[in-house]
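Chemist: whatever this is, show me its structure:
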Amino acid sequence: MPDDLQEEELLSKALNKPKSYLGKVPSVDFYTEAYELFLEIATPEELEFDVLKRETLQKMTEVLFK
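Modeler: The predicted structure follows:
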């Protein structure tokens, strides 16, 4: 039964997963330095769901292109 509960929880998270800005998946689409910066700046929700918010991208851009 614990497996059923875990599967239900994963399905629930997947259905409620927020959309990522520009459709980007940070762990897949970012080069190493950008991903490391993302890990420092991202909100807990972004980290949990591996998504990017516009505000986070703006902060990353400011740091990367100083």
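
Chemist: so what touches stretch 36-48?
Modeler: With CB atoms under 8 Å, 6 or more residues apart in numbering as the contact definition, stretch 36-48 has outside contacts at 18, 26, 30, 51-53, 56, 59-60, 63-64. (C-beta placed from N, C-alpha, C; glycine too.)

Chemist: what subset of those residues is buried?
Modeler: The neighbour-count test (16 or more other CB atoms under 10 Å) marks 26, 30, 51-53, 56, 59-60 as buried among the contacts of stretch 36-48.

Chemist: tell me the secondary structure for the residue lying closest to residue 41 once chain neighbours are set aside?
Modeler: Leaving aside its sequence neighbours, residue 41 sits nearest to residue 59 (CB to CB, 6 or more residues apart in numbering; 5.1 Å). Classification of residue 59 by DSSP: H, G, I helix; E, B strand; the rest coil places it in helix.

Chemist: give me the buried positions along stretch 41-53.
Modeler: In stretch 41-53, counting by 16+ other CB under 10 Å, buried: 41-42, 46, 49, 51-53.

Chemist: most widely separated two among the residues you listed?
Modeler: Spatial extent of these (CB to CB) is set by the pair 41 and 49 at 15.3 Å.

Chemist: got the contacts of stretch 36-48 as a markdown table, with distance to residue 9, pLDDT and secondary structure columns?
Modeler: What follows is those, written out as a markdown table (distance: CB to CB, whole Å; pLDDT from 0 to 100; DSSP: H, G, I helix; E, B strand; the rest coil):
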| residue | distance to residue 9 | pLDDT | secondary structure |
| --- | --- | --- | --- |
| 18 | 17 | 85 | coil |
| 26 | 23 | 97 | helix |
| 30 | 27 | 95 | coil |
| 51 | 18 | 95 | coil |
| 52 | 24 | 96 | coil |
| 53 | 23 | 96 | coil |
| 56 | 25 | 97 | helix |
| 59 | 31 | 96 | helix |
| 60 | 30 | 96 | helix |
| 63 | 35 | 93 | helix |
| 64 | 35 | 86 | helix |
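
Chemist: same list, those residues, but as JSON lines with distance to residue 4 please.
Modeler: Below are the contacts of stretch 36-48 laid out as JSON lines (distance: CB to CB, whole Å):
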{"residue": "18", "distance to residue 4": "25"}
{"residue": "26", "distance to residue 4": "31"}
{"residue": "30", "distance to residue 4": "35"}
{"residue": "51", "distance to residue 4": "27"}
{"residue": "52", "distance to residue 4": "32"}
{"residue": "53", "distance to residue 4": "33"}
{"residue": "56", "distance to residue 4": "35"}
{"residue": "59", "distance to residue 4": "40"}
{"residue": "60", "distance to residue 4": "39"}
{"residue": "63", "distance to residue 4": "44"}
{"residue": "64", "distance to residue 4": "44"}
